[in-house]
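J.: heads up, no residue letters with this:
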Ligand SMILES: [Zn+2]
């Protein structure tokens with residue numbers, strides 16, 4: 001069953017199910033598009049990943065970027 005797309009913004013920091021070979025699982029979003037550019041916060045390595053794959057791998061948001069809408073609560 002398809003899930004609605006997760007809104008992603010530049011400089012969002014996400015925790016992924018997939019860990020980088022360096023052991024880090026926290027990534028910052030550095031490029032938006034059909035492929036999303038993410039940078040490993042631990043080692044600084046940059047990776048391109050299809051949006052659908054990234055959405056599947058997101059465990060939670062560690063931090064929202066300045067462009068993300070603020071929670072109205
Ligand atoms: Zn890394």
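T.: In hand now; what should we look at? Computed from a prediction, not measured in an experiment: that's the story for all the values here.

J.: and stretch 51-71, average pLDDT?
T.: Averaged over stretch 51-71, pLDDT sits at 91.

J.: please name the nearest non-neighbouring residue to the residue nearest the centre of the chain.
T.: Nearest to the mean C-alpha position of the chain, counting by Cα atoms, centre = their mean, stands residue 14 at 4.5 Å. Nearest residue to residue 14, sequence neighbours excluded (Cβ to Cβ, 6 or more residues apart in numbering): residue 58, at 5.1 Å. To be clear about C-beta, it is placed using only N, CA and C from the backbone, and glycine gets the same treatment.

J.: around the ion, which positions in this protein sit nearby?
T.: 20, 22, 24, 40, 42-43, 45 (Cβ under 5 Å from the ion).

J.: OK, contacts around the residue nearest to the centre of the chain?
T.: With contact taken as Cβ atoms under 8 Å, 6 or more residues apart in numbering, residue 14 is in contact with 26-29, 38, 54, 58-62.

J.: surely it is in a helix?
T.: No. Counting by DSSP: H, G, I helix; E, B strand; the rest coil, residue 14 is not part of a helix but strand.

J.: measure it to the ion for me?
T.: Distance, residue 14 to the ion, by Cβ to the ion, to the nearest Å: 14 Å.

J.: pLDDT value on that residue, please?
T.: 98.

J.: beta partners for it?
T.: Using DSSP bridges, the bridge partners assigned to residue 14 are residue 27, residue 61.

J.: state the distance from it to residue 70.
T.: Going from residue 14 to residue 70 by Cβ to Cβ, to the nearest Å gives 18 Å.
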